[in-house]
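*Asks:* The following block contains a protein sequence and its predicted model.
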Amino acid sequence: ITTFGVGELSALNAIAGSYSEYVPVVHIVGQPHTASQRDGMLLHHTLGNGDFNVFANMSAGISCGVAKLNDAREAATYIDDAIRECWIRSRPVYITLPTDIVDQKVEGARLKNPIDLTRPPNDPEKEDYVVDVVLRYLKNAKKPVILVDACAIRHRVLDEVQDLVAASGLPTFVAPMGKGAVDETQPNFGGVYAGDGSNPGVREVVESSDLILSIGAIKSDFNTAGFTYRIGQLNTIDFHSTFVRVRYSEYPNINMKGVLRKVIQRMGKLNPDPAPPVSNTVPNEERNSSQTIITHDWLWPTVGQWLQENDIIITETGTANFGVWQTRFPKGVTAISQVLWGSIGYSVGACQGAALAVKDQGKDRRTILFVGDGSLQFTVQEISTMLRRGLTPIM
């Protein structure tokens, strides 16, 4: 919730980051009286030109929906539609609330029925056809692997992903933005694939695969270690929230959730190769070194040994974002980072939000933040919020 103009402009960076990273946010903006807007009055927090739509127009490009509540008779419908779009598309929406609309009465009958947040089901015939195509390639593959990325998290197919990983036994990897999407205690978990930035042995296995089941990929520069992915489309099946692409054939208006579930049900027994071993063991050269300098090769496996089940790990853009690739998470760990947008200082506010969510849920989970001193200074004031709310993250 922000004020008109100055407040919402301060939040634009965060909203843009949420848009790029597929994070659902409902942004509510207080606005001047509708009569003031209609008359183009020169009010404070405006540009002095009588244009009260300029800020909403700015936000339209980084929102999947804009709802202007200028008429109380339409307000309830607009609010429900905005919330639904936010959830289904997993991106921010922008809602304006003029001062005179705040006190208006609206029809309350809608509150008796929950908002329908279910995604429209796939066309059954089309879905079955796509599943058959996927299974045909999967059955014929000699060295198939699974690669999971951020949109599997954002578009809520983690149940399907976990079931696919467990049932198939296929070597399974995550992209940096997908860290935490897979139960890393599974024996077929092979680590992080990020092109040339991959963990030892990972790049060789993934890039030699003849079929990659790529789930929710976001192939940005940081997520691919400078676009050093060497995965041919001819060997890839891409699963997304609005389409499935099998090699070079794209099937639009197909959500991956239904397709993945049917693939799991129908694939039968596979005979996969083992995944490369991943552990939090400190390399021998680090264990036996006489140097007292703390290296990344020593630090991150050691951090991995310290982590506990169900921890929430927040890593800041830069060193921590990349370093955490070297850890193998315990079961139930949630990873939070901003690999694509990469706005430094983001992680401190994210830490406050995560810790508050844990407290609200009454859960017994540690919230752990890794942040550099420069990034911390951008949003250090959030530590005061943590103190005021009685939060106890490890920073």
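*Replies:* Perfect, I can see it now.

*Asks:* how deep is Val380 tucked in, by neighbour count?
*Replies:* A total of 13 residues lie near Val380 under the criterion other CB atoms under 10 Å. (Each C-beta comes from the backbone N, C-alpha and C, glycine too.)

*Asks:* next one: Ala175
*Replies:* Neighbour tally, Ala175, other CB under 10 Å: 30.

*Asks:* Next: Leu307.
*Replies:* The number of residues packed near Leu307 is 18, by other CB under 10 Å.

*Asks:* With adjacent residues omitted, what lies nearest to it?
*Replies:* Pro330 (5.6 Å; CB to CB, 6 or more residues apart in numbering).

*Asks:* And Arg266, by the same measure?
*Replies:* Using CB to CB, 6+ apart, the closest residue to Arg266 is Leu135 (6.1 Å).

*Asks:* Now do the buried residues in stretch 166-183.
*Replies:* For stretch 166-183, the neighbour count (16 or more other CB atoms under 10 Å) marks 168-183 as buried.

*Asks:* Run through the stretch 1-150 of the chain and note the low-pLDDT ranges.
*Replies:* Filtered on pLDDT under 70, the stretch 1-150 of the chain yields no residues whatsoever.

*Asks:* I'd like the distance between His45 and Lys219.
*Replies:* According to CB to CB, to the nearest Å, His45 stands 40 Å off from Lys219.

*Asks:* picking that back up, between the buried residues of stretch 166-183, which sits nearest Ser59?
*Replies:* The closest of those to Ser59 turns out to be Met177 (CB to CB; 24.3 Å).

*Asks:* Let's verify the closest one: helix, strand, or coil?
*Replies:* Judged by DSSP: H, G, I helix; E, B strand; the rest coil, the three-state class of Met177 is helix.

*Asks:* Spit out the contact partners of it.
*Replies:* By CB atoms under 8 Å, 6 or more residues apart in numbering, the contact set of Met177 is 149-150, 218, 220, 223, 337, 339-340.

*Asks:* do Asn253 as well
*Replies:* Counted by CB under 8 Å, 6+ apart, Asn253 has contacts 122-123, 126, 242-243.

*Asks:* next one: Pro200
*Replies:* Counted by CB under 8 Å, 6+ apart, Pro200 has contacts Pro276.

*Asks:* Now intersect the contacts of Met177 with the helices, please.
*Replies:* Applying DSSP state H to the contacts of Met177, the entries found in helices are Ala150.
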